[in-house]
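J.: got a sequence here, can you model it:
(one chain, ligands or ions: 2)
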Amino acid sequence: MTGTSADRSAHPTAPLLELAGVGHTYTGQRRRTTVLRNIDYTFERGTFYSVLGPSGSGKTTLLALAGGLDTPTQGTVRFLGRDLTRLGLGRYRNRHAATVFQQYNLLTYMTALRNVTTAMEITGARPATGTRKEHALRLLAELGVDAATARRNVLRLSGGQQQRVAIARALACDVELLFADEPTGNLDEDTAADIIETFRSLAHDRGTCVVVVTHSQQLAARSDRILHLRKGRLTEQPGGAGPARLP
Ligand code: ADP
Ligand code: MG
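T.: Ligands and ions are numbered 1, 2, ... in the order given. So this is what the prediction gives:
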């Protein structure tokens, strides 16, 4: 993990990520849209969460607030007990939280491989063995992107290939939190199932907190905790399996 001791020592026993009274209202020219209302929820290490909810229910907004891309209009988001706005959203994103965006957000002037290695450089991730490039190629290959494809500009790749690159990029960052917004939307069923298992083992084997937005009940069933977003409220589906114990 890449957090500095300063980030960690602040509140060592604090929950990993805490939403406290979080609400969010978008203010347009004509009207205000309240998307999230008074959400209290704690995300723990080593746990794989899925978030279900109808289109427009605020799933992407929730990930943006938890992932440090935006600040809630109400309430606070705390990482290890520290308000994200005090920690700094950029610092949080660079060192602690990676996001797989719904629209990928790849750097379009780069190859797939450079997209992955650049993210590793920014987050300071160092592979256990070999170079960053070798690690990136290995991850891409595991996700079905071969070495030749990895060396092409991402704009020349299909939607499904870009989605795999976006997932590889997030997996390559050695961070405590990983957020993914409908990461399997463009993939066939088998690949989607494989990727969900990858997320699951990231949580259970490496202790990462993984939060995945999905439309698929089947994929959600593989997570430890299933959350539902509806009418601005977040609820946990009762009777979930709960997180597996860390070894
Ligand atoms: P979901 O991901 O569940 O489909 P979103 O979080 O993208 O939902 O959006 C929730 C609601 O907020 C929608 O009604 C959407 O139109 C609105 N919304 C999202 N982003 C903005 C924005 N930047 N400005 C105004 N309204 C927005
Ligand atoms: Mg969305």
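J.: quick one: name the residues of this structure near ligand 1.
T.: Within the chain, the positions adjacent to ligand 1 are 26, 28, 33, 35, 53, 55-61 by CB under 6 Å from any ligand atom. To be clear about C-beta, it is placed using only N, CA and C from the backbone, and glycine gets the same treatment.
J.: of those, closest to residue 213?
T.: When the residues of the chain next to ligand 1 are compared for distance to residue 213 (CB to CB), residue 59 wins out at 4.5 Å.
J.: from residue 204, how far off is the closest one?
T.: 23 Å (CB to CB, to the nearest Å).
J.: what do you get for residue 78?
T.: From residue 78 over to residue 204 the distance is 24 Å, taken as CB to CB.
J.: need the per-residue pLDDT for the residue in the chain sticking out farthest from the centre.
T.: The C-alpha centroid of the chain is most remote from residue 30, which lies 32.3 Å away (CA atoms, centre = their mean). For residue 30, the pLDDT comes out at 93.
J.: sketch out the low-pLDDT regions of this protein for me.
T.: 1-12, 239-247 (pLDDT under 70).
J.: restrict the single longest helix found in it to CA atoms and write it as PDB.
T.: Longest helix of the chain, by residue count under DSSP state H: helix 189-206. Extracted C-alpha coordinates of helix 189-206, given in PDB (Å, rounded to 0.1, in the frame of the first residue of the first chain):
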ATOM      1  CA  GLU A 189     -20.800 -12.500 -19.800                       C
ATOM      2  CA  ASP A 190     -17.700 -14.700 -19.300                       C
ATOM      3  CA  THR A 191     -15.300 -11.800 -19.200                       C
ATOM      4  CA  ALA A 192     -17.600  -9.900 -16.900                       C
ATOM      5  CA  ALA A 193     -17.700 -12.800 -14.500                       C
ATOM      6  CA  ASP A 194     -13.900 -13.100 -14.600                       C
ATOM      7  CA  ILE A 195     -13.500  -9.400 -13.800                       C
ATOM      8  CA  ILE A 196     -15.900  -9.600 -10.900                       C
ATOM      9  CA  GLU A 197     -13.800 -12.500  -9.500                       C
ATOM     10  CA  THR A 198     -10.600 -10.300  -9.900                       C
ATOM     11  CA  PHE A 199     -12.300  -7.600  -7.900                       C
ATOM     12  CA  ARG A 200     -13.400 -10.100  -5.300                       C
ATOM     13  CA  SER A 201      -9.900 -11.500  -4.800                       C
ATOM     14  CA  LEU A 202      -8.400  -8.000  -4.700                       C
ATOM     15  CA  ALA A 203     -10.700  -7.400  -1.700                       C
ATOM     16  CA  HIS A 204     -10.200 -10.700   0.000                       C
ATOM     17  CA  ASP A 205      -6.500 -11.400  -0.800                       C
ATOM     18  CA  ARG A 206      -5.100  -7.800  -0.700                       C
END
